[in-house]
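K.L.:
Here is a sequence with its predicted model. Questions after.
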Amino acid sequence: MRKVLFIFGQLTDGDVDWLGKTAERVRVPAGTTLIRHGARIDKLYVVLDGQLAIRTAAGVQIALVESGEIIGEMSLVDPAPTTVAVEVVVDATLLVLPDEVVREKLASDLGFASRFYRALCVFLADRMRKTHMRLGYGDASMDADEAQEQGELNDDLLDNVHLAGARFDRMLKKLAG
């Protein structure tokens with residue numbers, strides 16, 4: 001699931017509006033290395049369109065991200081150097097928000113902070129569950145249907161997915177207009 005659905009599903013309409021108004025819209029051409037392996041990221045990126053490849057230190061592509069993905073959110077929690085690189089493979093439009101601006105908002109708006117950090121936790125829990133399943137951890141006696149059920153979103157998150165999608169679509173329309 002796109003990261004924006006996890007994040008925007010936990011935020012309010014006002015939070016999403018703040019992100020859209022505060023972030024800078026940037027066009028990045030294909031071939032640009034957005035984030036180098038081992039770099040310290042100081043920005044949050046929301047992919048509006050285009051494609052970005054996530055690559056290992058050896059240059060192996062491990063993921064392709066598109067509209068609705070968020071990059072750099074982990075730097076707000078842990079400013080350690082990156083373990084991957086991000087390269088623009090198809091011209092992309094990104095919303096770029098400096099970490100310092102997000103940190104100021106987190107410090108001054110405790111409601112936003114609690115919603116934002118909860119959104120990160122929800123996303124990371126889902127990512128960890130999927131990683132565990134992919135690596136074969138868990139109950140060895142579990143059949144494929146049971147494993148699929150474990151990977152499903154809970155009802156609370158599913159209720160917010162439609163809101164998140166609507167918020168992201170509204171943001172895209174405001175930015176286009």
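P.N.:
Yes, it's here. Residues are numbered from 1 along each chain as shown.
K.L.:
what does the helix or strand where Val102 lies contact?
P.N.:
Per DSSP states H and E: Val102 is located in helix 99-108. With CB atoms under 8 Å, 6 or more residues apart in numbering as the test, helix 99-108 has contacts from 18, 22, 41-44, 72, 75-76, 112-113, 116-117. Bear in mind the C-beta positions are built from the backbone N, C-alpha and C, glycine included.
K.L.:
change it to 7 Å
P.N.:
Residues outside helix 99-108 that contact it (CB atoms under 7 Å, 6 or more residues apart in numbering): Thr22, Asp42, Lys43, Leu44, Ser75, Leu76, Phe112, Ala113, Phe116.
K.L.:
how much space between the last one and Leu19?
P.N.:
This means Phe116. 10 Å (CB to CB, to the nearest Å).
K.L.:
Contacts only, for the residue nearest the centre of the chain.
P.N.:
Computing the C-alpha centroid of the chain and ranking residues by CA atoms, centre = their mean puts Ile70 first, at 2.9 Å. Neighbour list for Ile70: Lys3, Val4, Ile7, Leu44, Tyr45, Val46 [criterion: CB under 7 Å, 6+ apart].
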